[in-house]
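Chemist: Curious how this folds, go ahead:
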Amino acid sequence: MRRPRSPALAAASGNSWPAGRTSRFRGWKLGPAAAALWLAGCSFIPVYERPSAPVPAVFTDTARAASDAVPAADLAWADFLGDARLSRLVELALQNNRDLRIATLNVEQVRAQLGVQRADLLPTVGAGLQAGSTPVAGSNQRVYTAGLQVSGFELDLFGRVKSLTEAAAARYLASEEGRRAAQLALVAAVANTELALRADDELLRITQRALASREEALRLTRIRFDGGVAAEPELQVANSLLAAARANLLALQRQRAQNQNALALLLGQPVPVPGELPAAPTLAAAGLRSLPAALRSDVLLQRPDVRQSEQALIAANANIGAARAAFFPRIALTGSVGVASSELQGLFDNTAWSFTGQLLQPLFDAGRNQANLDSARAGRELAVAQYEKTIQAAFREVADALAGRATLGEQLAALQAQADAETRRLELADMLFRGGAASALDRLDAERSALAAQQAVVQLQLAGLQNQVLLYRVLGGGAGPAQAALR
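Modeler: So this is what the prediction gives:
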């Protein structure tokens, strides 16, 4: 905070005045103009200090990342995705998504409001022409005037207007960070939905193969039953598993259609047909970039939502300066310069000017100014609490994503080994069944286990990729340093 330049101002702003400073200023003699310029640099905005983050200094992460891993905030979304199809879908979403459009328009609205507030720092000059009549000695005297006029311009000696402008600027920056947070969330949502669609396609292929296998198993079991080799329980089990495969297939088809609809909503348009997009690789071939493993909690300051919350805190802090300045006099100036005449044809023969000033010092306002100051201070404390809550929520999101990264890879390797073993077991059971050395129940049980293991592998592959997308988002992927310019 720039300190007020007199003990009276310091007392009103709530700041202590250093000992000995008063006596040194006592002998100064300033003219009115110099005093006005001196006071113009005064601001009652409290010194802003970023609150300490109420979270541990480092994250616990046992996973290993590539040595050349780029910090998420410095990694553009296109470089992170590393997939032509995903990149094209994200581009379409950024162009057409309505939620992002709303966030962008909100930024433009707040930018315009900042322009309105900034205008109060300068006088408004207008040009006008006026004609009227004035009673003089029993007759009406016509008067014509033309010129420039400044009405009610406030000399911001105590920083009230400047404080309001700084608060408006912080709100603009907060809205810009909100837009960036919305964009990052959109990128992550598109990536997650497209990956879910690829998982749906792989699960459908697995289920369709299982359905065809169970249809064949039912055909063979029926032949064995008709020949008196198989009992009816084997036949009913084959019928049951076939029906279950059909139900599972229908559920997956419904799930895929719903994911397709969700993607269309994110894109803001129908999903392009396959020929209009690059081919989709399998989940195992998804090329998402790796992210750093060792992380300190100060990376949370890269997140747009955290920066948005901090800008809201800065705005609340600036509001205190405006509330403090309201205790001091407000000086408004009105002036005009132009020409005047009693005859229209001689309008430009005479020069006329006027200048008035108004000083309003609050004496009794029934506690309004004090209540406004108390409200501004409470608003700052509320903004501090909201900022700290945002930090804590962000820390948990990152910690959860790191915990997922630490375990999902090893879990996937274990599940893949189980799926390989179950697939081999199914091959052996099928050979024994066809050779008459095993019952249909043995084969169907092996097939059911193999199907469940293969589906679990696909679902865990999806979980791992979506966790990687989540980690990119919660680390403020692509956000980089704050670049919102006040233009």
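Chemist: C-alpha only now, for contacts and for neighbours.
Modeler: Noted.
Chemist: can you tell me how far Glu427 sits from Thr193?
Modeler: According to Cα to Cα, to the nearest Å, Glu427 stands 34 Å off from Thr193.
Chemist: Next one: Leu155 relative to Lys162, how far apart?
Modeler: 11 Å.
Chemist: Tell me which of the two has more neighbours.
Modeler: Neighbour totals were compared for Leu155 and Lys162, and Lys162 leads with 24 against 20 (other Cα atoms under 10 Å).
Chemist: What strand or helix carries that one?
Modeler: Lys162 belongs to helix 160-226 when assigned by DSSP states H and E.
Chemist: Ok, Leu92 next?
Modeler: Assigned by DSSP H and E, Leu92 belongs to helix 84-96.
Chemist: list the buried ones in the helix or strand hosting Glu234?
Modeler: Here Glu234, judged by DSSP H and E, is contained in helix 232-267. Using 16 or more other Cα atoms under 10 Å as the test for burial, helix 232-267 gives 234-235, 237-239, 241-242, 245-246, 248-249, 252-253, 256, 259-260, 262-267.
Chemist: what's the answer for stretch 274-282, then?
Modeler: Using 16+ other Cα under 10 Å as the test for burial, stretch 274-282 gives Ala280.
Chemist: what does that stretch contact?
Modeler: Residues outside stretch 274-282 that contact it (Cα atoms under 8 Å, 6 or more residues apart in numbering) are Ala84, Arg85, Arg88, Arg198, Glu202.
Chemist: are any of the residues you listed buried, and which?
Modeler: When those are checked for burial by 16+ other Cα under 10 Å, the buried set is Ala84, Arg85, Arg198, Glu202.
Chemist: Can you add distance to Asp305 and pLDDT and give those residues back as a markdown table?
Modeler: Formatted as a markdown table, the buried ones among the contacts of stretch 274-282 follow (distance: Cα to Cα, whole Å; pLDDT from 0 to 100):
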| residue | distance to Asp305 | pLDDT |
| --- | --- | --- |
| Ala84 | 28 | 90 |
| Arg85 | 28 | 92 |
| Arg198 | 30 | 95 |
| Glu202 | 35 | 95 |
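Chemist: Phi first, then psi, for Ala332.
Modeler: When read as degrees, to the nearest 10, the backbone of Ala332 gives phi -120, psi 140.
Chemist: ok, now how distant is it from Gln311?
Modeler: To Gln311, Ala332 is 31 Å away according to Cα to Cα.
Chemist: For these two, indicate the residue with more neighbours.
Modeler: Comparing Ala332 with Gln311 by other Cα under 10 Å, the one with more neighbours is Gln311, at 23 against 16.
Chemist: what pLDDT does the more buried one get?
Modeler: Note on Gln311: pLDDT of 94.
Chemist: which residues of the stretch 101-250 of the chain score low on pLDDT?
Modeler: 131-141, 143-144, 146 (pLDDT under 70).
Chemist: And what about Leu157, helix, strand or coil?
Modeler: Following DSSP: H, G, I helix; E, B strand; the rest coil, we place Leu157 in the coil state.
Chemist: How about Leu148?
Modeler: Assigned with three-state DSSP, Leu148 falls in the strand class.
Chemist: Tell me which helix or strand comes right after the helix or strand harbouring Val337.
Modeler: If you go by DSSP H and E, Val337 is part of strand 330-341. The helix or strand immediately downstream of strand 330-341 is strand 351-360, counting by DSSP H and E.
Chemist: Packing partners of that following strand?
Modeler: Contact here means 3 or more Cα pairs under 8 Å, 6 or more residues apart in numbering; DSSP states H and E; on that basis strand 351-360 packs against strand 330-341.
Chemist: Quick one: mean pLDDT for the strand it packs on?
Modeler: Per-residue pLDDT over strand 330-341 has a mean of 75.
Chemist: before we move on, back to that, so can I have CSV of the contacts of stretch 274-282 showing distance to Leu100?
Modeler: Below are the contacts of stretch 274-282 laid out as CSV (distance: Cα to Cα, whole Å):
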residue, distance to Leu100
Ala84, 22
Arg85, 21
Arg88, 17
Arg198, 25
Glu202, 31
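Chemist: just curious, which of the residues you listed is nearest to Phe395?
Modeler: Checking the contacts of stretch 274-282 against Phe395 by Cα to Cα gives Arg198 as the nearest, at 30.2 Å.
Chemist: Now for that closest one: which residues touch it?
Modeler: For Arg198, the contacting residues are Ala280, Thr282, Leu283, by Cα under 8 Å, 6+ apart.
Chemist: Please report phi then psi for the second one.
Modeler: The phi and psi values for Thr282, taken as degrees, to the nearest 10, are phi -70, psi 170.
Chemist: ok, now how distant is it from Gln302?
Modeler: Distance, Thr282 to Gln302, by Cα to Cα: 32 Å.
Chemist: just Leu86 next, same as before
Modeler: Distance of Leu86 to Gln302, given as Cα to Cα: 24 Å.
Chemist: Could you do Arg88 as well?
Modeler: Arg88 is 26 Å from Gln302, where distance means Cα to Cα.
Chemist: swap in Arg396?
Modeler: Distance, Arg396 to Gln302, using Cα to Cα: 15 Å.
Chemist: The two: who's more crowded?
Modeler: Between Arg396 and Gln302, counting by other Cα under 10 Å, Gln302 is the more crowded of the two (21 against 14).
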